[in-house]
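Participant: turn this into a structure:
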Amino acid sequence: MTLANAVVLQEKWKARHRDKICKHAQIIDHLIDKNGRKTDYIICLECGKVFLNPTKDLSPTEFATLVQHCAEEEK
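Facilitator: Numbers count the residues shown, from 1 in each chain. Here you go, the predicted structure:
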């Protein structure tokens, strides 16, 4: 997803929900630069907010632990 795509999502979110706050709990995607490479940023596919990927510096073991913890919280 590009930054232009994120802006479109942001406009749609504002038109549909006005000031409602998104929980960013749905699907996210990587922000792609103009050369087609993933950046350290991710985009909420619901509202279009762009933010730094909080998992970018995690080791595979740390990431697996985080995923497991999040799954347990959803139960």
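Participant: every contact and neighbour count from this point should use C-alpha atoms.
Facilitator: Fine.
Participant: just the helices in the chain please.
Facilitator: Listed in chain order, the helices of the chain (DSSP state H) span 3-17, 60-74.
Participant: using PDB, write down the CA coordinates of the last one.
Facilitator: Listed next in PDB are the C-alpha coordinates belonging to helix 60-74 (Å, rounded to 0.1, in the frame of the first residue of the first chain):
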ATOM      1  CA  PRO A  60      11.400 -14.000  15.400                       C
ATOM      2  CA  THR A  61      11.100 -15.500  19.000                       C
ATOM      3  CA  GLU A  62      10.000 -12.100  20.400                       C
ATOM      4  CA  PHE A  63       7.500 -11.700  17.600                       C
ATOM      5  CA  ALA A  64       6.000 -15.200  18.100                       C
ATOM      6  CA  THR A  65       5.600 -14.400  21.800                       C
ATOM      7  CA  LEU A  66       3.900 -11.200  21.000                       C
ATOM      8  CA  VAL A  67       1.500 -12.900  18.600                       C
ATOM      9  CA  GLN A  68       0.700 -15.600  21.200                       C
ATOM     10  CA  HIS A  69       0.100 -13.000  23.900                       C
ATOM     11  CA  CYS A  70      -2.300 -11.000  21.600                       C
ATOM     12  CA  ALA A  71      -4.200 -14.200  20.700                       C
ATOM     13  CA  GLU A  72      -4.600 -15.000  24.400                       C
ATOM     14  CA  GLU A  73      -6.000 -11.500  25.100                       C
ATOM     15  CA  GLU A  74      -8.700 -11.900  22.400                       C
END
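Participant: what helices and strands are in contact with the longest strand belonging to the chain?
Facilitator: Ranked by number of residues, the top strand in the chain under DSSP state E is strand 38-44. With contacts defined as 3 or more CA pairs under 8 Å, 6 or more residues apart in numbering; DSSP states H and E, strand 38-44 has these neighbours: strand 28-32, strand 50-52.
Participant: any chance of these in CSV, plus mean pLDDT?
Facilitator: What follows is the helices and strands packed on strand 38-44, written out as CSV (pLDDT from 0 to 100):
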stretch, mean pLDDT
strand 28-32, 89
strand 50-52, 89
